[in-house]
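**Q** what's the 3D shape of this:
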Amino acid sequence: MLEQLRQVNGIDPNRDSAEFDLLFENAFDQWVASTASEKCTFFQILHHTCQRYLTDRKPEFINCQSKIMGGNSILHSAADSVTSAVQKASQALNERGERLGRAEEKTEDMKNSAQQFAETAHKAETPPGLLVRREFRNGTQAFRSPQHGYVQKLTHTCHEAQMLRNCLS
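**A** Next comes the predicted model:
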């Protein structure tokens, strides 16, 4: 158990060695890593884990290179680069969200403007009291007023159209 670890001994801080010792409450283990670099990485991870998860009694690290315990460890560098990447991604997402919000507002404004234009154009299309005649290809005619819409389709003479206009006024 990590709580039982009392001492981590790097054996010689001045020499790149793969050997190290771990002293537990009831045991003493001698270890050899594959390379000195792997030993250094293991020590950094072990040191970081002890600092983070052990609250009462943390193991003593002796005969270890100072870079293992310092702020320039592989873990800190990795954590810094991950934090930096997350911050950049977050900033990019925030900027994109702001641009999408502005585009949405512009779209809403354009929609409202188009609706107002359509209403104004419809009102201006046919002034009140004016009768509009529309001829279809088959000779049928329809009359429209702003108040009544298309009234009826007729085939008629000009005199009948005048009578219909007078009725609608």
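
**Q** what residues are up against Leu23?
**A** For Leu23, the contacting residues are Leu5, Arg6, Gln7, Val8, Asn9, Asp29, by CB atoms under 8 Å, 6 or more residues apart in numbering. Placement of C-beta: from N, CA and C, glycine included.

**Q** buried subset of those?
**A** Leu5, Arg6, Val8, Asn9 (16 or more other CB atoms under 10 Å).

**Q** isn't the last one right up against Phe20?
**A** So the one you mean is Asn9. Yes - counting by CB atoms under 8 Å, Asn9 touches Phe20, with 6.2 Å between them.

**Q** using the three-state scheme, assign the closest residue to Trp31 other than its chain neighbours.
**A** Closest residue in space to Trp31, ignoring its immediate chain neighbours: Phe20 at 5.3 Å, by CB to CB, 6 or more residues apart in numbering. With DSSP: H, G, I helix; E, B strand; the rest coil as the basis, Phe20 sits in strand.

**Q** list the contacts of Phe20.
**A** Val8, Asn9, Gly10, Ile11, Gln30, Trp31, Val32, Ala33, Lys39, Phe43.

**Q** endpoints of stretch 23-41, how far apart?
**A** Stretch 23-41 has its terminal residues 19 Å apart, counting by CA to CA, to the nearest Å.

**Q** buried ones in it, by neighbour count?
**A** Neighbour-count burial for stretch 23-41 [16+ other CB under 10 Å]: Leu23, Ala33, Ala36, Lys39, Cys40, Thr41.

**Q** how close does the last one sit to Ala18?
**A** Look at Thr41 and Ala18: by CB to CB, to the nearest Å, they are 12 Å apart.

**Q** quick revisit: out of the contacts of Phe20, which sit inside strands?
**A** Val8, Asn9, Gln30, Trp31, Val32 (DSSP state E).

**Q** bridged to the first one, which residues?
**A** To tie it back to what came earlier, the one meant is Val8. Leu22, Phe61 (DSSP bridges).

**Q** how close does it sit to Gln65?
**A** 12 Å.

**Q** can you check the third one too?
**A** Distance of Gln30 to Gln65, computed by CB to CB: 19 Å.

**Q** again, but for the second one
**A** Distance, Asn9 to Gln65, by CB to CB: 13 Å.

**Q** again, but for the fourth one
**A** Trp31 is 16 Å from Gln65, where distance means CB to CB.
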